[in-house]
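In: This is a predicted model, with the sequence first.
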Amino acid sequence: MSGNGARNDLRKQLTRSEKIIDALIERVERATDFSASDLDGTNYRDTAFSVFETAAAWDWRVRARTADQRRALEDLAKALADLEHVNAALQREIRERTAIEEALIRAKLLAEQHNAEKTRFLAAVSHDLIQPLNAARLFVGALANRRLRGQSKKLVGQASSALDSVEDILEALLEIAQLDAGAIQPVVEPINLEGLLHHLAGEFDPVARDKGLTLEISSAPLTVHSDAQLLRRILQNLISNSLRYTDKGGASVRATCTRGEVTVVIQDTGHGIARKHRKMIFREFSRLEGRHQVGSAGLGLAIVDRAVRMLGHRLSLTSRLGVGTTFRLRLAGHRHHITGAAIVRAAKTCNFAGKSILVVENEPDSLDALGALLKGWGCAVSLACSEPQAIEACSDTEARPDLVIADYHLDKGLTGDNVILALRAQLGERIPGIIVTADRSQALLSALANLDLPVLHKPVKPESLRELVSGYLRLDQ
Amino acid sequence: MQEAEMRAMTTVSDGLVRIATSASADPAVAAQDMISALRPDSLAGLMVFAGRREALEAVAMISMSLGGKPVIGCTTAGEITPWGPRQETVTGIGFPAADFAMQALHFDGLLGFDTFAAQPIIADMIGENEAAGSHLGADRSWAAVLLIDGLSCREELVTHTLQHLLGEIAMIGGSAAAGMTLRQTFLLHDGEVRSDRAVVALLSSRHPMRVFRCHYHASGDKLAIVTRVDSASRNVLELNGEPAAREYARLVGASGPLTQSHFAANPLMVRVAGEYFARAPMRADADGNLHFHSAVERGLVLRLGKANDALANLRAELRAPADAVIAFESVHNRIEAEDGNFTSELSALYQSHRFVGFHGYGEQHRDLHLNRNLVGLAIGGRS
């Protein structure tokens, strides 16, 4: 091959290379121009290949997204599988728990059966004993009427007092039997605690005096929500218990109120109760060692315990051996600003002439009935069945009510306390109010007590209403 | 068995979709037999693939008497039939109205394809299909099928635009062909057979529908850089600074004139968006230029491709069960299978999965106009 031919070949090679380089440079320039001017690929150069490039980029994105979705689905599937495992474990656990629960229910049924049997037995025994007891009492009474010499007279006296305690025990047993059998259904209503304690003071003062003990009973003007009979039994038993196990000093009963809760503190300077006995004392027939006083049967606290639980009150106990015992009874209630004496006076006189009362109630029948009752007592009554009506009724300063009685549940979820608060805001005065409701829950009572709004439960007893109304109207004067 | 079927000339395969094919030599008879076999009264619409223009014309005539049901179709370079890949048949798919709703429309004069004008038309079609398919339930599936003139050089733009307008509705398509003559291709819609046309069918079904694409070529080491080109006509004048046909022949080691077998065995691959895509050479002209079935431009770095296992790739794609697969495949894939003697295995695979479709000049999958692919719409089975 000649040198010319080789040179020609080389020149050809060079030309090819230049062509390739030019083409590549053009392409690269176009590509960089493209990517710089149009990163999002929405506007493509109008050549078929650039359209293809854009499409391929889109396709890549779609595939990437699909892959992401697939991964997400796989993750989801895994999570579901995990969940299934957890679920299976849970179901195993539920089966086990169900088995345990069934066993517990069986045990509970058995216990209830035993309890019912015990209750029936107690009732029967108590009842059977009443007859011979009456007979014995008659005999002892007959003996006491005879003229007896010193020794015999003393024996008869002891027999009589022994019979008294037997009778107490039987009564307590009957009461427990009734409580356990559900024969006693509590009726929760507002109770004037001050009045109740006043009565109890009268009842226990002689007992304390007999033992040479002091008994102090003091209470703020409080209204509590409880069953009158049961609360009375609770307090009777606690006071009697305190006096029974106290030899020196005495007992005190104080009632105080904070934030919708009333606490009655029964405190004594008695023997005290050891920590290990504190649960036991609430069981029937449990009497602590060394306590063999006349009349004690160890049933009082068992009754207290049952009644407290039935009413949803709370009872706590602190005690130091040889120093004394303190019981604290906590229950819903509030201050009523008026003394028991004032209520009694008002209820007696009951002249509300010229007093204006606004009744807010959404049920026309109740509204009318309440209106008629209040008018009968001489009140000027305005009626409203909604908040706007209530506001309207008070818009005139002449028409400012002395008291608002509002139903708790009004239309559209509105509540009576809100209406009263709105009226108070409107008038710039703390107008007294009473809420009427069928809701007996402690939560509601507490909430309303915090707003200084006493509660009357439906069905409204005219006496209770009159008592509350008169208290407010007197106070207002 | 096949001989017996061939003697019968017409066969029908029932499933979620009905597939019928006729090999009658008389195009009118073939068209009539095939359409009758599909029982058109109970169909929402038909799709027809014909090896000859005359057969498509015959279908067009009959379609006028079908009460306005959409009938679309095109000429091919071989049909995928219930007998496997065949040529010169009339093969149709019927979509039973109980399970499908079908709407179709066409765009003529693809050089002037107006992307803005297409938008309301596609939106209307979707709305019509939604109304027509109200009996298909709330969780029906959607898919679109494109048939487009494979010699229009407008497949990229039309495909990308239509998929964009269809949004979440996935589209596949096939480029109509004219055997290996590479002359005019024809497309049928509205009883009319024309060239320079794109036809889109929108399908909704109570059965799941899934699109896929599948190719089996990888890139090799040999480079062919496009140094001179007429992009508008996909006509490459020079590769590596040399006359294109000559340089290609040198790269593939062709001693005589370039044939379709050379093109089938040696696609050129271009890397875009992380993937190699095939550019299929179509023919070498008298001037030594190389014409392509897809877009090319100056400065493209093309690599000579090589085939991997076609069957394995397809089997992997077909793991999800389906009742039938509408398939559009590269004619060069068919030629490569014939040259490589794996046609019968492919045919068995197609038959066992109820493939129906045709071999053409290009394939469309969602936004993409592709070469050397098999794109499919799998109907039924799990979604």
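Out: It's in.
In: Contact distance from chain A - what residues of the stretch 151-300 of chain B qualify?
Out: B:153-154, B:156-157, B:159-160, B:163, B:225-228, B:231-232, B:234, B:238, B:240-242, B:272-275, B:277, B:294-300 (Cβ under 8 Å from any Cβ of the partner chain). Yep, even glycine has a C-beta here, placed from its N, CA and C like the rest.
In: Quickly run through the sheet partners of the longest strand seen in chain B, with directions.
Out: If you go by DSSP state E, chain B has its longest strand at strand B:217-230. Taking DSSP bridges as the criterion, strand B:217-230 forms sheet pairs with strand B:235-239 (antiparallel), strand B:301-307 (antiparallel).
In: Pull the residues that contact it.
Out: Strand B:217-230 is contacted by residues A:19-20, A:22-24, B:235-241, B:244, B:247-248, B:251, B:267-269, B:271, B:276, B:278, B:296-308, B:372 when judged by Cβ atoms under 8 Å, 6 or more residues apart in numbering or on different chains.
In: and the lengthiest helix in chain B, what does it pack onto?
Out: Longest helix in chain B, counting residues (DSSP state H): helix B:115-132. Applying 3 or more Cβ pairs under 8 Å, 6 or more residues apart in numbering or on different chains; DSSP states H and E, one finds that helix B:115-132 contacts strand B:100-108, helix B:155-166, strand B:197-205.
In: Compare the mean pLDDT across the ones you listed and name the weakest.
Out: The weakest mean pLDDT among the helices and strands packed on helix B:115-132 belongs to helix B:155-166, with a mean of 94.
In: Could you check how far it is from the centre of its chain?
Out: Offset of helix B:155-166 from its chain centre (Cα atoms, centre = their mean, to the nearest Å): 15 Å.
In: Report all helices and strands that it contacts.
Out: helix A:48-145, helix B:115-132, strand B:141-149, strand B:171-176, strand B:197-205, strand B:368-370.
In: and with 10 Å instead?
Out: Counting by 3 or more Cβ pairs under 10 Å, 6 or more residues apart in numbering or on different chains; DSSP states H and E, the packing neighbours recorded for helix B:155-166 are helix A:48-145, strand B:100-108, helix B:115-132, strand B:141-149, strand B:171-176, strand B:197-205, strand B:363-365, strand B:368-370.
In: what inclination does the fifth one have with respect to helix B:155-166?
Out: Meaning strand B:171-176. Inter-element angle recorded for strand B:171-176 and helix B:155-166: 150 degrees (by axes from the mean of the first three to the mean of the last three Cα atoms, to 10 degrees).
In: Mind listing the strands the host helix or strand of B:Tyr276 pairs with, and their directions?
Out: Using DSSP states H and E, B:Tyr276 maps to strand B:275-279. Using DSSP bridges, strand B:275-279 pairs in its sheet with strand B:268-272 (antiparallel).
In: quick one: B:Met102 and B:Trp142 touch, right?
Out: No - using Cβ atoms under 10 Å, B:Met102 makes no contact with B:Trp142, being 11.3 Å away.
In: Could you tell me which residues touch both of the two?
Out: The contact sets of B:Met102 and B:Trp142 overlap at B:Asn129, B:Gly133, B:Leu202, B:Leu203, B:Ser204, B:Ser205 (Cβ atoms under 10 Å, 6 or more residues apart in numbering or on different chains).
In: Is there a neighbour count for B:Ser65? I'd like the number.
Out: 9 (other Cβ atoms under 10 Å in any protein chain shown).
In: With B:Asp309 instead?
Out: B:Asp309: 11 surrounding residues under other Cβ under 10 Å.
In: Likewise for A:Ala406?
Out: Using other Cβ under 10 Å, A:Ala406 is surrounded by 27 other residues.
In: how close does the residue nearest to it when sequence neighbours are not counted sit to B:Val145?
Out: Nearest residue to A:Ala406, sequence neighbours excluded (Cβ to Cβ, 6 or more residues apart in numbering or on different chains): A:Gly416, at 3.1 Å. According to Cβ to Cβ, to the nearest Å, A:Gly416 and B:Val145 sit 71 Å apart.
In: next one: B:Leu111
Out: Counting by Cβ to Cβ, the gap from B:Leu111 to B:Val145 is 23 Å.
In: who has more neighbours, those two?
Out: Using other Cβ under 10 Å, the more surrounded residue of B:Leu111 and B:Val145 is B:Val145, with 25 against 9.
In: show me the contacts for the closest residue to the more buried one other than its chain neighbours.
Out: Once flanking residues are discounted, B:Val145 sits nearest to B:Ala201: 4.6 Å by Cβ to Cβ, 6+ apart. Going by Cβ under 10 Å, 6+ apart, B:Ala201 touches B:45-47, B:70-72, B:95, B:102-106, B:125, B:129, B:143-147, B:171, B:173, B:189.
In: Return the distance of B:Phe100 relative to chain A.
Out: In this view, B:Phe100 and chain A are 25 Å apart by Cβ to the nearest Cβ, to the nearest Å.
In: Who does the helix or strand just after the strand holding B:Tyr276 pair with, and is each partner parallel or antiparallel?
Out: Remark: after strand B:275-279, the chain's next helix or strand is strand B:281-284, criterion DSSP H and E. Take DSSP bridges as the rule and strand B:281-284 pairs in its sheet with strand B:290-292 (antiparallel).
In: residue contacts, whichever residue of the stretch 51-200 of chain A sits closest to chain B?
Out: For the stretch 51-200 of chain A and chain B, the shortest gap (Cβ to the nearest Cβ) falls at A:Ala55, measuring 3.6 Å. Counting by Cβ under 10 Å, 6+ apart, A:Ala55 touches A:41, A:44, B:156-157, B:159-161, B:163-164, B:272-273, B:364-370.
In: Pull the contacting residues for A:Lys412.
Out: A:Lys412 sits next to A:Asn362, A:Ser386, A:Glu387 when contact means Cβ under 10 Å, 6+ apart.
In: That one falls within a helix, correct?
Out: Yes - counting by DSSP: H, G, I helix; E, B strand; the rest coil, A:Lys412 is part of a helix.
In: quick revisit: how about the nearest residue to the residue of the stretch 51-200 of chain A closest to chain B, chain neighbours excluded?
Out: Spatial nearest neighbour of A:Ala55, excluding adjacent residues (Cβ to Cβ, 6+ apart): B:Asp367 at 3.6 Å.
In: Equivalent analysis for A:Glu261, please.
Out: Excluding its sequence neighbours, the residue lying closest to A:Glu261 (Cβ to Cβ, 6+ apart) is A:Arg330, at 5.8 Å.
In: Quick check: phi and psi at that neighbour.
Out: Backbone torsions of A:Arg330, given as degrees, to the nearest 10, read phi -110, psi 130.
In: so how many other residues sit close to it?
Out: The tally of other residues near A:Arg330 (other Cβ under 10 Å) stands at 15.
In: And it, how far from chain B?
Out: Counting by Cβ to the nearest Cβ - A:Arg330 and chain B are separated by 60 Å.
In: Repeat that for A:Gly5.
Out: Look at A:Gly5 and chain B: by Cβ to the nearest Cβ, they are 18 Å apart.
In: Within the helices and strands, which one has that residue?
Out: In this structure, A:Gly5 is located in helix A:3-37 according to DSSP H and E.
In: What part of chain A, helix or strand, is modelled with the least confidence?
Out: Least confident helix or strand of chain A, by mean pLDDT, DSSP states H and E, is helix A:340-349 with a mean of 45.
In: any idea which helix or strand comes after that one?
Out: Once the chain leaves helix A:340-349, the next helix or strand it forms, by DSSP H and E, is strand A:356-360.
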